[in-house]
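Novice: output the structure for:
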Amino acid sequence: MLGCLVEKEITTPEYYPLSLNALLHACNQKSNRDPLMNLDEDVVRSALRALSEQALARSASGDSRVAKYEHRLAEVFNFTRPETAILCELLLRGPQTPGELRSRAERMHAFEDLSVVQSTLKHLIEREPPLVKLLPRQAGNKEARYAHLLSGDVEVRDTQPVKEAAVSRGPGESERLVQLESEVASLQKEIADLKRQFAEFRRQFE
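Specialist: Numbering: from 1, shown residues only. Below is the predicted model:
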């Protein structure tokens, strides 16, 4: 929700601050989000109270009869625009590589090159307390990912490469795997035969 407030302030300033309904729609947006959410008004109100208690969001003053809300992320942390853009993308889409961050954050800040993204991440990591963390590189991935720490430390499950997992199986488990593969191949052949027979049967009536 904090990421949604930051995003809308930068990308659609004419509609910011956000009403409760606008914030609800921003949170349940189906693009630029990972994971996708399906919140209701009660959850949004509860989250706004929690953010308010941490001085990260507040009700915005204005002439509108509809209550509107704004974030205070830049005020609390004294962020630069590049830092705000990076944090916002990490809030909206979770752990990402520097390349992904540069591409996705472009609508909020145009980074000259990848080195600027990496420098911004370095500043966020070196803050006290740290606001970003470098995650262990996962098997099969060339680039490491970064995650924000605004919700606390991030735990990443160890992922075991497929080949190593296969080697660690016992003899009985390996035999069951071979049997399953054989059964799947047999079922695929039967399905193909049924499709062929059905096609021949249908041609009789064409």
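Novice: what secondary structure does residue 59 sit in?
Specialist: strand (DSSP: H, G, I helix; E, B strand; the rest coil).
Novice: tell me, how many residues neighbour it?
Specialist: If you count neighbours by other Cβ atoms under 10 Å, residue 59 ends up with 12. Where you see a C-beta, it was placed from the backbone N, CA and C, and this is true even at glycine.
Novice: domain parsing for the chain?
Specialist: 2-76, 79-148, 162-203 (automatic domain parsing).
Novice: mind putting the ones you listed in TSV, mean pLDDT and distance to residue 154 included?
Specialist: Shown next, in TSV, are the domains of the chain (pLDDT from 0 to 100; distance: least, Cβ to Cβ, whole Å):
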stretch	mean pLDDT	distance to residue 154
domain 2-76	94	15
domain 79-148	95	4
domain 162-203	58	24
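Novice: between those, which one is nearest to residue 155?
Specialist: domain 79-148 (9.7 Å; Cβ to Cβ).
Novice: distance from the chain centre to the closest one, please.
Specialist: Computed by Cα atoms, centre = their mean, to the nearest Å, the chain-centroid distance of domain 79-148 equals 12 Å.
Novice: from here on, call the first residue 41.
Specialist: Done: numbering now begins at 41, and the last item shifts to domain 119-188.
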